[in-house]
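**Q** Quick one: sequence plus predicted model below, questions after.
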Amino acid sequence: MAALQASSLLVSSSSSSSSSGCSSKRTITASIQLAKPSKLSLVNDASAVITKKLVEELSTRNGYPLAEPLQMDVSRKDRVLEPRLSPTSSVEMTKKLYAILEAVEDRVEMHNNIGKQRDNWNKLLLNSVNMMTFTATTTAAMAAAAPAPSLRVCSALLFTAATGMSLVMSKIQPSQLAEEQRNASRLFKQLCSEIKSMLALRSPKETDVKETMEKVLALDRAYPLPLLGGMLEKFPAKFEPTAWWPRVSNNSCRSRGRKTFVNSERNGWSEDLEVEMRAIVQVLKSKDKQDYLRLGNLALKLNKMLAISAPLLTSIAAAGSAFGGSMATMVATIAGAMAAIVNSFEHGGQVGMVVEMYRNCAGFFELMEEMIEATLEERDYSKRENGQMFEMKLAMKLGRSLSELRDLARKSMASCIEGTEVDEFGSKLF
């Protein structure tokens, strides 16, 4: 209406005399002056500035300024023209998330550097122990051929030093430490990508910041950096998968299960897709996870045996060299040669790294299992990830196409009906 009034004033002024033309010009000038925000109390407010721009754009849409709308739209907060900006809390959450992102990127660099350092430890300590063992064995053999106290003493000292270094290597397992840091670096990079995607796609909330911090702390607990006091147990009584994600409590699962369907839309989910996800969980439980737990137990037992054998053999060789005599020297020579073989197989073959790899793989399948079950327990479809997107992500993580994933689900359902076992593993990656 204000625009029609302005246009009617211009038409009436154009039909008047030349003397009234001057007054017409004055009228237009006054109208333009009224459109200026002479009294704006919200200059420092970002929303007021954007509102001003929107009003000016609308007021000059037809080429003619309006006289009144600026004061009306700025003073009325319930107008549609007011832009919907993120609240101050959202800005604070974004700042916190960026701070967490910086810490995660720093952890990636730390784990990379320490992983390289511990991999060098494994190589240098193995070479040092083997060189001392070979030298001590050669010296013991020479002492048997030409009896000399000095040769026996040198051999005994070298075997003793090799025993001490072998004990240290068996305790800390440098190859396993290096594998822990490699896994931690990879998982922190993955978390870094998740944070960047969150910042790019939507405004973070307080729950996002809390969940991200929990993920960072869970990774710190799963892959600690210090050796003294914080190192993981390398020979646990029971082989268990690595858990690098925050555990969901039973109470939260039960409360989530009591929720009702608040939305009629299923967000890409269907009953067939839920049945398919449950069938895939059964395959991951019965095939992949169980297989890696079995292999991990075997690797752990082998590593325990090798870790005990190497220092034991070098200590026997040291005692044989110290006593002297042909029989003792022969025992020292044989024990030294066997110790070198055992050390090379244990640390050169990186059996500790294999144990950690199996722990990580079993943990991956346990994570997939928990992720699918937690998603299916959420009764509010709007809080679930889109069903088609979830299915695609799961297929990529298992190294399968969508059709292969559905075939696997059909095989799992058929095996449950017929009472047979699925003839393939869920993952095609490892």
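**A** On my side now, so go ahead.
**Q** hey, where'd the helices end up in the stretch 101-250 of the chain?
**A** 149-172, 174-201, 206-222, 250-257 (DSSP state H, counting those that start in this stretch).
**Q** Tell me which residues of the first one come out buried.
**A** For helix 149-172, the neighbour count (16 or more other Cβ atoms under 10 Å) marks 151-152, 154-163, 165-167, 169-170, 172 as buried. In this view, the C-beta of every residue, glycine as well, is placed from N, C-alpha and C.
**Q** Could you dump the helices of the stretch 101-250 of the chain into CSV with distance to F239 and mean pLDDT added?
**A** Below are the helices of the stretch 101-250 of the chain laid out as CSV (distance: least, Cβ to Cβ, whole Å; pLDDT from 0 to 100):
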stretch, distance to F239, mean pLDDT
helix 149-172, 18, 91
helix 174-201, 13, 94
helix 206-222, 15, 94
helix 250-257, 24, 45
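**Q** For L398, which of those helices is the nearest?
**A** The closest of these to L398 is helix 174-201. By Cβ to Cβ, the value is 16.1 Å.
**Q** I figured L125 was touching Q173, is that so?
**A** No. When contacts are counted by Cβ atoms under 8 Å, L125 is not listed as touching Q173 (10.9 Å).
**Q** Those two: which has the busier surroundings?
**A** Q173 (27 against 18; other Cβ atoms under 10 Å).
**Q** pretty sure the more buried one is in contact with K234, am I right?
**A** Yes. Between Q173 and K234 there is a contact at 4.7 Å, judged by Cβ under 8 Å.
**Q** Now the common contact residues for the two.
**A** Residues touching both Q173 and K234 (Cβ atoms under 8 Å, 6 or more residues apart in numbering): 303, 352.
**Q** sorry, back to before: got the helices of the stretch 101-250 of the chain as TSV, with distance to E385 columns?
**A** Putting the helices of the stretch 101-250 of the chain into TSV (distance: least, Cβ to Cβ, whole Å) gives the following:
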stretch	distance to E385
helix 149-172	41
helix 174-201	13
helix 206-222	14
helix 250-257	15
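**Q** any idea where the strands of this protein begin and end?
**A** In the chain, no strands are found when defined by DSSP state E.
**Q** Neighbours of S326, how many?
**A** Neighbours of S326 (other Cβ under 10 Å): 10.
**Q** Pull up the gap between the closest residue to it other than its chain neighbours and M330, please.
**A** Among residues not flanking S326 along the chain, A144 sits closest, at 5.9 Å (Cβ to Cβ, 6 or more residues apart in numbering). Using Cβ to Cβ, to the nearest Å, A144 is found at 7 Å from M330.
**Q** just K205 next, same as before
**A** Taking Cβ to Cβ as the measure, K205 falls 74 Å from M330.
**Q** Could you check the pLDDT of the nearest residue to E240 once chain neighbours are set aside?
**A** Once flanking residues are discounted, E240 sits nearest to R359: 7.4 Å by Cβ to Cβ, 6+ apart. At R359, the model reports a pLDDT of 95.
**Q** now L228
**A** Listed pLDDT for L228 reads 81.
**Q** same thing with L40?
**A** On the pLDDT scale, L40 is placed at 39.
**Q** Walk me through the domains of this protein.
**A** The record's domain split for the chain, according to automatic domain parsing, is 2-75, 124-175+221-232+267-418.
**Q** what's the neighbour count on L201?
**A** 8.
**Q** tell me the contacts of it?
**A** Going by Cβ under 8 Å, 6+ apart, L201 touches no other residue.
**Q** Could you find the closest non-adjacent residue to I316?
**A** Closest to I316 by Cβ to Cβ, 6+ apart is A335, at 4.4 Å.
**Q** Distance check, the nearest residue to N386 once chain neighbours are set aside against Q176.
**A** The shortest distance from N386 to any non-neighbouring residue, by Cβ to Cβ, 6+ apart, is to G268 (4.2 Å). Note on G268: its distance to Q176, by Cβ to Cβ, is 41 Å.
**Q** okay, those two: which has more neighbours?
**A** Between G268 and Q176, counted using other Cβ under 10 Å, the more crowded position is Q176 (22 against 15).
**Q** which residue packs closest to the more buried one, ignoring adjacent ones?
**A** G352 (3.2 Å).
**Q** Quick check, that neighbour in contact with E180.
**A** No. G352 sits out of contact with E180 when judged by Cβ under 8 Å, with a separation of 9.7 Å.
**Q** circling back: comparing A144 and M330, which shows the higher neighbour count?
**A** More crowded of A144 and M330, by other Cβ under 10 Å: A144, with 21 against 14.
**Q** State the pLDDT value of A6.
**A** 41.
**Q** and if you look at the one 3 residues further on?
**A** Confidence at L9, expressed as pLDDT, is 38.
**Q** Report the contact partners of the closest residue to L199 other than its chain neighbours.
**A** Distances taken as Cβ to Cβ, 6+ apart put L97 closest to L199, at 6.2 Å, once the chain neighbours are dropped. Contacts here follow Cβ under 8 Å, 6+ apart; on that basis L97 touches 195, 198-199, 204, 208-209, 212.
**Q** and the gap between L97 and R186?
**A** 21 Å.
**Q** Any buried residues in stretch 138-149, and which?
**A** Neighbour counts using 16+ other Cβ under 10 Å place 139-144 of stretch 138-149 among the buried residues.
**Q** ditto for stretch 407-427
**A** Neighbour-count burial for stretch 407-427 [16+ other Cβ under 10 Å]: 408-409, 411-413, 415, 422, 425-427.
**Q** Including pLDDT and distance to E377, could those residues go into CSV?
**A** Output for the buried residues of stretch 407-427, formatted as CSV (pLDDT from 0 to 100; distance: Cβ to Cβ, whole Å):
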residue, pLDDT, distance to E377
L408, 92, 22
A409, 92, 19
K411, 91, 25
S412, 90, 20
M413, 91, 20
S415, 87, 24
V422, 84, 24
F425, 92, 25
G426, 91, 20
S427, 92, 23
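**Q** Could you save those as JSON lines and add columns showing distance to K285?
**A** Shown next, in JSON lines, are these (distance: Cβ to Cβ, whole Å):
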{"residue": "L408", "distance to K285": "13"}
{"residue": "A409", "distance to K285": "14"}
{"residue": "K411", "distance to K285": "15"}
{"residue": "S412", "distance to K285": "10"}
{"residue": "M413", "distance to K285": "15"}
{"residue": "S415", "distance to K285": "13"}
{"residue": "V422", "distance to K285": "11"}
{"residue": "F425", "distance to K285": "12"}
{"residue": "G426", "distance to K285": "9"}
{"residue": "S427", "distance to K285": "13"}
